[in-house]
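1. what's the 3D shape of this:
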Amino acid sequence: MKKFPRINDQKFWLLFALAVVATMSLLVAYCGGGGGGGGTTSVTTYTISGTVTSGGTGLSGVTITPSVGTATTTDASGNYTLSSFASGTYTITPSKTGYTFTPTSIQEAVNGANITNVNFTATAQAVAQVVNCSMATIAQTVTIANNTIAFNPSSVTITHGQVVEWVDNDTVSIHTVTSGTGPNGDGLFDSGNLNTGSTYCVQFNVANTYKFFCKYHYNLGMTGTVTVQ
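-> From the prediction side, this is the model:
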């Protein structure tokens, strides 16, 4: 009759343990891809780069924002590089206060390679520009009441890109809305003599504080400010 090893046979348990270790090693090697970090697969990423120019010269300080990922800014030469993109489609959008961009945004498809020459052209906006009141969205209105020597209110606050309207309701005196301080102003805008009931509108595109006055009454305190945020 064939003999079987007793349960307390040391040689039996040693062989059994060796067999278990060998089996587990094979399973780990098979499931883990030969020791490849527990099956983790590294993802290759790519970059998107380009240049922003204004008047043929690189424009620094432009914020470049991707639809996914972290924004960056252009360097002194107008160059930028966005990184860590997996294959996919992304929209790239530039922005800087006081500028418009052509195109306003670009959509790029990353497919196994870096993307270059994603370029934009920037155009500087006028710091302040006179606009047609009837076609503008008015953010703040300053009134010259009848028989008064004052702007009401004398100070207003708006966001860049918004419009301030001046309305002259005075039937007694002639007034102007002139930028800067009297008597000559700074040349940014000047309504000339306003007629009773007339309006005058200026769009402010750059954040700053702008002074204005009436050429005929600035020495009587007819002055004001527009704060653009």
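
2. please parse the protein into its domains.
-> 46-124, 128-228 (automatic domain parsing).

3. for C133, phi and psi?
-> With angles defined as degrees, to the nearest 10, C133 sits at phi -60, psi -40.

4. distance check, the closest residue to V43 other than its chain neighbours against G69.
-> What sits nearest to V43 in space, not counting adjacent residues and going by CB to CB, 6 or more residues apart in numbering, is A86, at 5.7 Å. For the C-beta atoms, the positions are set from N, CA and C on the backbone; glycine is no exception. Distance, A86 to G69, using CB to CB, to the nearest Å: 10 Å.

5. looking at this protein, which helix or strand is least sure?
-> Within the chain, no helix or strand scores below helix 10-31, which has a mean of 62 by mean pLDDT, DSSP states H and E.

6. show me what the helix or strand following that helix is packed against.
-> Following helix 10-31 in sequence order, the next helix or strand is strand 46-54 (DSSP states H and E). Judged by 3 or more CB pairs under 8 Å, 6 or more residues apart in numbering; DSSP states H and E, the packing partners of strand 46-54 are strand 79-85, strand 88-95, strand 106-110, strand 120-124.

7. what sits up against strand 46-54?
-> With CB atoms under 8 Å, 6 or more residues apart in numbering as the test, strand 46-54 has contacts from 58-59, 62, 64, 66, 74, 77-83, 85-87, 90, 92, 94, 99, 101, 108, 110, 112-124.

8. if you set the cut-off to 7 Å instead, what comes out?
-> 58-59, 62, 74, 78-83, 85, 90, 92, 94, 108, 110, 113-124 (CB atoms under 7 Å, 6 or more residues apart in numbering).

9. for stretch 157-170, same thing?
-> 97, 131, 133, 136-148, 156, 175, 177, 194, 196-207, 226-229.
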